[in-house]
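> below are the sequence and a predicted model for it; my questions follow.
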Amino acid sequence: MASALLPLAAQVGPFTAPGTIGTPLPEPVARPPRARPPAGAAKAAGPRTAKADDGARLRECLAAADDDPEAGADQAQAWLATAKGHEAAEAGLCLGTARSHDEDWSGAEQAFLAALDSAGSDRLLRARLGAMAGNAALAAGSPERALTALDTARTEAKGLADPAMIAPIALDRARALVALGRLVEAGAALGEARTAAPGDSEPWLLSATLARRQGRLAEAQALIERAADLRPVDPDIGLEAGVIAMLAGRPEAARKSWESVVAIGADSQTAATARGYLAQLGPTPAPATRPGAAAAGPKP
């Protein structure tokens, strides 16, 4: 995922029984899209007015934060010192982004929440800031705080009726709910993500993971098949498909899935996990020999 600050880790535990913990729902922290100003724009800029270059200062600040988080944070704080209202919200967004780039998740969360307080009635900005605050809280290991921010983001995104915003917010809500042990609600959040983004494999993969963790293997199989239809070559999907197959009593199907994961990217952590599972399975069984076949010689 290009917008993730944290990798999509697929660490799967032992496959000894249905309900195994298995693949954790990952916690990506979304960056705002990088948008650089034209070359030389910063030097050429004269006195600013809110309407004359609406959004330009935010773009410049985000570009600075992307290149050098410390310098970007300094620029954002200088902006915050004089900004008010909507402009203060944009400056706070930039500050939170800079802190995210430095993996200062608590600092990023605080900056995004402060910006949210300044965003007024701008639903798009409020949804974005709430989502980013929730992302940062997840990365900081605080699912309760994450859920509070994400619920705000969800309300604003639904008001916009924008599936492109609803789906990732729903996924992050599911991650927070799983961390809080609220699995039924997590399943509902994943259903919301699937509805908003039916062509995205990630909600289907995470839905399969959750169903498998709850021992609903037939449902998990249908969900992982849909994920594989949408993204046929994906190591995380292959790894999960193998776990589901193994728990369903289909070890050779599991073997094929894990072998495909190793073939996709032999040096990845996901492939290392797959190799560990293959080692537990042992060597591929030799083809069964029909009775009497070994002793049969050529006909006279």
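Received it, and whenever you're ready, just let me know what you need.
> what residue spans form the domains of the chain?
Taking automatic domain parsing as the reference, the chain has its domains at 63-198, 202-282.
> any chance of the ones you listed in a markdown table, with distance to R57 and mean neighbour count too?
Heads up, the C-betas are built off the backbone N, CA and C, glycines and all. Formatted as a markdown table, the domains of the chain follow (distance: least, C-beta to C-beta, whole Å; neighbours: other C-beta atoms under 10 Å):
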| stretch | distance to R57 | mean neighbour count |
| --- | --- | --- |
| domain 63-198 | 7 | 21 |
| domain 202-282 | 33 | 20 |
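> can you lay out those as JSON lines showing mean pLDDT and distance to A56?
Listed next are these as JSON lines, based on pLDDT from 0 to 100; distance: least, C-beta to C-beta, whole Å:
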{"stretch": "domain 63-198", "mean pLDDT": "97", "distance to A56": "11"}
{"stretch": "domain 202-282", "mean pLDDT": "96", "distance to A56": "33"}
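> turn these into CSV, columns for distance to G55.
Below are the domains of the chain laid out as CSV (distance: least, C-beta to C-beta, whole Å):
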stretch, distance to G55
domain 63-198, 8
domain 202-282, 29
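> pull the distance from stretch 145-165 to the chain's centre.
16 Å (C-alpha atoms, centre = their mean, to the nearest Å).
> residues touching that stretch, excluding its own?
Here stretch 145-165 makes contact (C-beta atoms under 8 Å, 6 or more residues apart in numbering) with 109, 112-113, 116, 123-124, 126-131, 133-135, 137-138, 166, 169-170, 172-173, 175-177, 180, 196-197.
> restricted to helices, list the residues you listed.
Judged by DSSP state H, the contacts of stretch 145-165 include 109, 112-113, 116, 123-124, 126-131, 133-135, 137-138, 166, 169-170, 172-173, 175-177, 196 as members of helices.
> following element in sequence after whichever strand or helix holds E185, please.
For E185, the element it lies in under DSSP states H and E is helix 183-196. Toward the C-terminal end, the helix or strand that comes next after helix 183-196 (DSSP H and E) is helix 201-213.
> mind giving me the packing neighbours of whichever helix or strand comes after that next one?
Toward the C-terminus, helix 201-213 is succeeded by helix 217-230 as the next helix or strand (DSSP H and E). Secondary-structure packing of helix 217-230 (3 or more C-beta pairs under 8 Å, 6 or more residues apart in numbering; DSSP states H and E): helix 201-213, helix 235-247.
> surely A115 touches G92?
Yes - A115 is in contact with G92 according to C-beta atoms under 8 Å; the separation is 2.7 Å.
> between the two, which contacts overlap?
In contact with both A115 and G92: L129, using C-beta under 8 Å, 6+ apart.
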